[in-house]
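# Sharing a model that was predicted from the sequence below.
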Amino acid sequence: MPDPFQRAALATPPKLAHQIRGLSDRTIAWLFVAPTIFLLLAVNIFPLIWTIRLSLTNFRTNRPNNAVEWVGIENYRKILTNPDTWASLQATAHFLVWTITLQVLIGFSLAYLINKKFRSNDLWTTLIVLPMMLSPAVVGNFWTFLYQPQIGLFNYFIAFLTGADPASFSMIGEVALAPWAIIIVDTWMWTPFVMLICLAGLRSIPPSIYEAAECDRASKWRQFWTITLPMALPFLMLAVLFRGIENFKMFDLVVQLTGGGPGATTQLTSIDLKREAFEKWRTGYASAYAVILFVTVFGLASIYVKALNKVKDR
Amino acid sequence: MNAKLLLTTASVAIMAMSAAKAEDLTLCWAAWDPANALIELSKEYEAQSGNTMHFEFVPWTSFADRMLNELNSGGKLCDLMIGDSQWIGGAAENGQYIKLNDFFDANGIKMDDFIPATVTGYAEWPKGTPNYWALPAFGDVVGWTYRKDWFARPELQAEFKEKYARDLAPPATFDELKQIAEFFQNRQIDGKTVYGASIYTERGSEGITMGVMDVLYSFGFKYDNPEKPYDMEGFVNSESAVKGLEFYKSLYDCCVPPGSSNGYMGEGVDAYKSGQVALQMNFAFTWPGFNTDANVGGDKTGYFANPAGPNGDKFAQLGGQGISVVAASDKQDAALTYIKWFAQPEVQAKWWKLGGYSALRAVVEDPGFATSQPYAQTFLDSMAIVKDFWAEPSYATLMQSSQKWFHDYVVAGNGTAKEALDGLVVDWHATFEEEGKY
């Protein structure tokens, strides 16, 4: 019985087999990777180059008849001197910092608890991860009901705790509360994701290390700081990277919840970019905006990945 | 009998025209009650022409996004488009709709037969010139509904009269409207807390602009200098416009239900039908739905046109749309047969009966029209005082600027009305400058 390789060789028409035999390993390797490279060029690289080109023009998609003029770095100058851009970046930074902080703290704590052996552990794990399985649009929609001042459970819960009138505040309608409203929902939805990554990290720590620490009479506190946290840190950092990239481009959840309002209080950069590109149809300007955001995320992510690798190699 | 004969003749003509080849036509519009009425109405066209109608309806909040994307990309999804009135400039200048003048002339369709405001608003570009890109399809305007049954309660009548020295009745001025809203705010009616008014506050698409403009016009707001187009300084941000914007904010601050920071047509309908508010600002298309509603229908609801501003001016924000043939469509001839059929007086009369607001004068000037529905007279009154937002090719950018400034001031409470309107002038000026208007 010939093995699969022999069978493949036998099945190859003699002429083709002869031709392939005539090719170098390098050529065959190129033949195999060529479709992937072509796909990458078509789907990623070409659009990127095209976007950069558009960003240097005044092109508008809704004006196909207008002459496209080369404007150099004018779009970049306008974006970087536009106070609205900086307000959006500030709103995004606020959202990023708080969601990541809360998700890491709560996610790691939950993972630490779930990692202990107790009854119905699996059931709790399943229940905790449920929110991240929902669609952001659905989550955004039903949280608008939860935040509704007259009938929303969230308002009633806060009223129960504080004694305030539930209709006296609007989480998504007040400038001071709206940024926190979106942070709460994102944290509710994505903390389970951070928890799962942390759980993987905690379960990867060999029990023998804890046993050795026990022999050395290290306290639980000491074990946490010298074993658990350092060994789970690469996983934590990975979770921060994933959530950071995801939340930098956060769009659907916030649009459903606040539409970027009140005013521009929760207008994150992705919403601002979408409005420029597909509502105002300033394609050149929006392309420049996208390039700036891409460079920012790419730059920050590269620095972060280097730091992550250093931690991993320790 | 004559009408029947005319209809049959027209049907035969249409059938003869399209007998050569039956087409599948797609009509794009917003997803709302009138769209369902149009499906019903179009069955007659399908039977007569042999063409099959398909419909692509998109919710209002994403209607402009979706359909402008379709037009801008030269998509062939829609053969017929019932596009918003403000799109007409862009669609005409960018060659997205076909010009209908020759077709109208050849088929005896006269724009004089339609309500003048709808011709200007939905069909003409440039405005005020006889260049037609659409047939007025659905007349619409912002007006008000009120809880007639609450207004009729003797105890509320007495309390209101004692407080304001006048009857509790539909307001004649915006000041009176606010007094009524304040009167009802947080009032207990039938054991339930109710609120003054539902007004537009939506941030994402066009909601708050439609609401604010509906009020600003009557306060003296003008888009530009009538003598010098696109000269906005002192018109958009005039003292009277500032007062109008301050009024809108005061109405928002005093008298809306809690959590009304992002509401448009749908939220207004919900607030009104659920018995939360005494007054409701909304487009006329919602009125047939209220009239037949189990909670607020029949005698429980009354309708009134926009009240007057401080100087007695009365204007209202135009809504509604015209029907156009999409230039990218491969079935333009078949699509034109639909417009020809739709323009017939008999079809327009049926359109009104099914819940569509016909813009044909023969329908709305019929002696029986004003009494045909409880809201018909208010519709006529409102259509007589309409103004519309910029219909320029850059309307989307202009709209986004007003959405930002109005929401930021009215809902978020940032800055002053003067600063908001000054900022709006700067943004609009920049947009027109990019357009080469100066």
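Yep, that arrived.

# and stretch B:294-312, how far out from the chain's middle?
16 Å (C-alpha atoms, centre = their mean, to the nearest Å).

# So what would you say the end-to-end distance of that stretch is?
End-to-end distance for stretch B:294-312: 36 Å, by C-alpha to C-alpha, to the nearest Å.

# OK, contacts around residue B:427?
By C-beta atoms under 8 Å, 6 or more residues apart in numbering or on different chains, the contact list for residue B:427 reads B:401, B:404-405. The way it works is simple: take the backbone N, C-alpha and C, and place the C-beta from them, glycine included.

# At the geometric centre of the chain, which residue sits there?
In the absence of a named chain, chain A is used. Closest to where the C-alpha atoms of chain A average out (C-alpha atoms, centre = their mean) is residue A:246, at 1.4 Å.

# Sorry, I should have been clearer: chain B.
For chain B, the residue nearest the mean C-alpha position is residue B:319 (1.6 Å; C-alpha atoms, centre = their mean).

# Can you report how many residues lie near the closest residue to that residue other than its chain neighbours?
Spatial nearest neighbour of residue B:319, excluding adjacent residues (C-beta to C-beta, 6 or more residues apart in numbering or on different chains): residue B:140 at 3.3 Å. By the measure other C-beta atoms under 10 Å in any protein chain shown, the count of residues near residue B:140 is 25.

# Does residue 240 belong to a helix, a strand or coil?
Going with chain A. The three-state assignment at residue A:240 reads helix, by DSSP: H, G, I helix; E, B strand; the rest coil.

# And it, what's its pLDDT?
For residue A:240, the model assigns a pLDDT of 95.

# what's near enough to touch it?
Contact analysis of residue A:240 by C-beta under 8 Å, 6+ apart lists A:100, A:104, A:304.

# Flag the least confident of those.
residue A:304 (92).

# secondary structure element for that one?
Here residue A:304, judged by DSSP states H and E, is contained in helix A:283-313.

# Chain A contacts on the stretch 301-438 of chain B?
Within the stretch 301-438 of chain B, the positions lying close to chain A (C-beta under 8 Å from any C-beta of the partner chain) are B:393, B:396-397, B:399-400, B:404, B:407-409, B:411-414.

# Can you confirm whether the helix holding residue A:304 lies near chain B?
No: using C-beta under 8 Å from any C-beta, we find that helix A:283-313 stays clear of chain B, coming within 9.6 Å at best.

# what stretches of the chain score poorly on pLDDT?
Went with chain A since none was named. Counting by pLDDT under 70, the ranges of chain A that qualify are A:1-6, A:8-9, A:12, A:14-20.

# Sorry, I should have been clearer: chain B.
Per-residue confidence for chain B (pLDDT under 70) gives these ranges: B:1-20.

# Identify the residue nearest residue B:209 in space, chain neighbours excluded?
Residue B:209's closest residue in space is residue B:402 (C-beta to C-beta, 6+ apart), at 4.4 Å.

# which parts of chain A sit against chain B?
By C-beta under 8 Å from any C-beta, the residues of chain A that approach chain B are A:61-65, A:84, A:147-150, A:152, A:167-168, A:170, A:172-175, A:255, A:258-265, A:275, A:278-282.

# now the contacts of residue B:427 as JSON lines including secondary structure, distance to residue B:96 and neighbour count?
Output for the contacts of residue B:427, formatted as JSON lines (DSSP: H, G, I helix; E, B strand; the rest coil; distance: C-beta to C-beta, whole Å; neighbours: other C-beta atoms under 10 Å in any protein chain shown):
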{"residue": "B:401", "secondary structure": "helix", "distance to residue B:96": "23", "neighbour count": "20"}
{"residue": "B:404", "secondary structure": "helix", "distance to residue B:96": "26", "neighbour count": "24"}
{"residue": "B:405", "secondary structure": "helix", "distance to residue B:96": "28", "neighbour count": "29"}
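
# Dump the residues you listed to a markdown table, plus distance to residue B:168.
A markdown table is the format used below for the contacts of residue B:427 (distance: C-beta to C-beta, whole Å):
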| residue | distance to residue B:168 |
| --- | --- |
| B:401 | 39 |
| B:404 | 37 |
| B:405 | 35 |
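
# Let me know the closest of those to chain A.
Checking the contacts of residue B:427 against chain A by C-beta to the nearest C-beta gives residue B:404 as the nearest, at 6.2 Å.

# which non-adjacent residue is nearest the closest one?
Closest residue in space to residue B:404, ignoring its immediate chain neighbours: residue A:264 at 6.2 Å, by C-beta to C-beta, 6+ apart.

# Quick check: which element contains the closest residue in space to residue B:23 that isn't next to it in sequence?
Of all residues not flanking residue B:23 in the chain, residue B:334 sits nearest, at 3.9 Å (C-beta to C-beta, 6+ apart). Following DSSP H and E, one finds residue B:334 within helix B:332-342.

# Show me what counts as buried in that helix.
Residues of helix B:332-342 classed as buried: B:334-342 (neighbour count, 16 or more other C-beta atoms under 10 Å in any protein chain shown).

# show me the contacts for residue A:152.
By C-beta under 8 Å, 6+ apart, the contact list for residue A:152 reads A:145-146, A:166, A:171, B:259.

# wait, residue A:238
Residues in contact with residue A:238, defined by C-beta under 8 Å, 6+ apart, are A:197, A:308.

# can you give me the helices in the stretch 101-250 of chain A?
Per DSSP state H, counting those that start in this stretch, the stretch 101-250 of chain A carries helices over the ranges A:121-129, A:136-146, A:153-162, A:178-203, A:207-215, A:220-223, A:229-248.

# Please identify the deepest-packed of those.
Greatest average neighbour count among the helices of the stretch 101-250 of chain A goes to helix A:178-203 (a mean of 22), per mean count of other C-beta atoms under 10 Å in any protein chain shown.

# so what does it touch, helix or strand wise?
Where contact means 3 or more C-beta pairs under 8 Å, 6 or more residues apart in numbering or on different chains; DSSP states H and E, helix A:178-203 is packed against helix A:83-114, helix A:121-129, helix A:136-146, helix A:229-248, helix A:252-257.

# angle of it against helix A:136-146?
Computed with axes from the mean of the first three to the mean of the last three C-alpha atoms, to 10 degrees, the direction of helix A:178-203 lies at 130 degrees from that of helix A:136-146.

# now helix A:178-203: how far from the chain's centre is it?
Worked out by C-alpha atoms, centre = their mean, helix A:178-203 lies 11 Å from the chain centre.

# just stretch A:22-42 next, same as before
31 Å.

# separation between residue A:304 and residue B:190?
Noted for residue A:304: a distance of 59 Å to residue B:190, by C-beta to C-beta, to the nearest Å.

# Ok, residue B:50 next?
On the measure of C-beta to C-beta, residue B:50 and residue B:190 end up 55 Å apart.

# again, but for residue B:306
Distance from residue B:306 to residue B:190, by C-beta to C-beta: 29 Å.
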